[in-house]
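Asker: Predicted model follows, preceded by the sequence.
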Amino acid sequence: MTPPLVLSIQSHVALGHVGNDAAVFPLQRLGFEVLPVHTVQFSNHTGYGQFRGQVFDAEHIREVLAGLRDRGVLSRVTAVLSGYLGDAAIGAVILEAVDEIRRDNPAVRYLCDPVMGDVGRGVFVSGAIPDFLRNLAIPCANIITPNQFEFELLTGSKPGSVAEAVHIARQLRGRGPDVVVVTSLATADIPADQLATLAVNGEGAWLVNTPRLDLHPLPNGMGDVFSATLLARLLGGLPLPRALELATATLYALVHATAAGSRDLPLVAAQEQIIEPAQHYPARAVNPLQGEH
């Protein structure tokens, strides 16, 4: 039996685990064939400071996808995954590919990780990216996985509680995506020694709390690993709460196993945590009425 096929359009680094180098291996370990299309090729990720390499333009991505089309591969894609975009023009090529694949397979799922910035760093993408994600990519996506900073940037709202975050996520669902997952959620009603991940779909809302880890700096690529693992679990047929539990547990275990001072998650050394994370944190249903206040 041919494994399901995922098209992952992200960055590539020779050293480190970000973009496709964070997403492809977890997807493969969870039983998926992956078509990695690289938007950049760098010596290492930017967390190391200096780097060398090249950013590919939109036409390069379009050419690679055309080659896959020539092989009859695009029509067999089960899901599309995208993350950091160096250029809004590359984003447009990704949406073209999603639309093309949907014509052959309307059930294809597109997970868009709307990478724009984070608390402390602020926005670290070009000025055209937020508008592209907000106006074009989010309406096209089935699943989105912003962190809280990006969630606020997409919605123009700053939730003061989990209930408010649920309400805002439901409004965001009305713009296109079926599943909204907010990572690194830290509202006033979440204990200061914890971080939460919130998932909302048409059936309900669920929250997973994990301990904060005292690790500085935090490794790069955490969102890339989380999105890939969540996608794999959902494609494997798990309901959203269980997929959320496993993806969150995997990321927590990998961060916990990261050596002090390392910029990278130990994907290979701790790969058993991708398959069966050592510690689980339950997904707690959030009262639907709370999100309507």
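Answerer: Right, received. Where do you want to start? Numbers count the residues shown, from 1 in each chain.
Asker: From here on, just use CA atoms for contacts and neighbour counts.
Answerer: OK.
Asker: Please list all residues in contact with Ala128.
Answerer: Asp87, Ala88 (CA atoms under 8 Å, 6 or more residues apart in numbering).
Asker: rerun at 10 Å
Answerer: With CA atoms under 10 Å, 6 or more residues apart in numbering as the criterion, the residues that contact Ala128 are Gly86, Asp87, Ala88, Ala89.
Asker: ok, those residues vs Asp214, which is closest?
Answerer: Of all the contacts of Ala128, Asp214 sits closest to Gly86, with 30.4 Å by CA to CA.
Asker: The closest one: neighbouring residues, count only.
Answerer: 20 (other CA atoms under 10 Å).
Asker: sorry, back to before: nearest to Asp224, of the contacts of Ala128?
Answerer: Gly86 (15.2 Å).
Asker: helix/strand/coil for the closest one?
Answerer: When classified by DSSP: H, G, I helix; E, B strand; the rest coil, Gly86 comes out as coil.
Asker: tell me, how many neighbours does Ala66 end up with?
Answerer: 15.
Asker: Which residues does the host helix or strand of it contact?
Answerer: Per DSSP states H and E, Ala66 falls inside helix 58-70. Contact partners of helix 58-70, identified using CA under 10 Å, 6+ apart, comprise 7, 9, 35, 37-40, 71-76, 86-94, 96-97, 100-101.
Asker: Distance from the chain centre to it, please.
Answerer: 23 Å (CA atoms, centre = their mean, to the nearest Å).
Asker: for stretch 235-245, same thing?
Answerer: 15 Å.
Asker: just stretch 238-256 next, same as before
Answerer: With CA atoms, centre = their mean as the basis, stretch 238-256 stands 13 Å off its chain's centre.
Asker: Mind checking which of the contacts of helix 58-70 are buried?
Answerer: Using 16 or more other CA atoms under 10 Å as the burial test, the contacts of helix 58-70 include 7, 9, 35, 37-40, 73-76, 86-88, 90-94, 97, 101 as buried.
Asker: Now, these that are in strands?
Answerer: Leu7, Ile9, Leu35, Val37, His38, Thr39, Val40 (DSSP state E).
Asker: what does the lowest-mean-pLDDT helix or strand in the chain contact?
Answerer: The helix or strand of the chain with the poorest confidence is strand 122-123; it has a mean of 76 (mean pLDDT, DSSP states H and E). Residues from elsewhere that reach strand 122-123, judged by CA under 10 Å, 6+ apart: Val115, Met116, Gly117, Ile129, Pro130, Phe149, Glu150, Leu153.
Asker: Which of those residues scores worst on pLDDT?
Answerer: By pLDDT, Gly117 ranks lowest within the contacts of strand 122-123, coming in at 84.
Asker: Just list whatever residues bridge to that one.
Answerer: Taking DSSP bridges as the rule, Gly117 bridges to Val123.
Asker: Tell me if I'm right that it and Leu85 touch.
Answerer: No: applying CA atoms under 10 Å as the test, Gly117 and Leu85 come out as separate, 11.7 Å apart.
Asker: mind saving the C-alpha coords of stretch 9-28 as PDB?
Answerer: As requested, the backbone C-alpha atoms of stretch 9-28 are provided in PDB (Å, rounded to 0.1, in the frame of the first residue of the first chain):
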ATOM      1  CA  ILE A   9       7.000  23.800   0.800                       C
ATOM      2  CA  GLN A  10       9.400  25.400   3.300                       C
ATOM      3  CA  SER A  11      13.000  26.500   3.800                       C
ATOM      4  CA  HIS A  12      16.000  24.100   3.800                       C
ATOM      5  CA  VAL A  13      19.200  24.300   5.900                       C
ATOM      6  CA  ALA A  14      22.200  22.100   5.800                       C
ATOM      7  CA  LEU A  15      22.800  22.500   9.500                       C
ATOM      8  CA  GLY A  16      20.000  22.600  12.000                       C
ATOM      9  CA  HIS A  17      16.300  21.700  12.100                       C
ATOM     10  CA  VAL A  18      14.000  24.300  10.800                       C
ATOM     11  CA  GLY A  19      11.500  24.400   7.900                       C
ATOM     12  CA  ASN A  20      11.600  21.200   5.900                       C
ATOM     13  CA  ASP A  21      14.500  20.000   8.000                       C
ATOM     14  CA  ALA A  22      12.200  20.100  11.000                       C
ATOM     15  CA  ALA A  23       9.000  18.900   9.300                       C
ATOM     16  CA  VAL A  24      10.000  16.100   6.900                       C
ATOM     17  CA  PHE A  25      11.600  13.700   9.300                       C
ATOM     18  CA  PRO A  26       8.600  13.600  11.800                       C
ATOM     19  CA  LEU A  27       6.200  13.100   8.900                       C
ATOM     20  CA  GLN A  28       8.300  10.200   7.600                       C
END
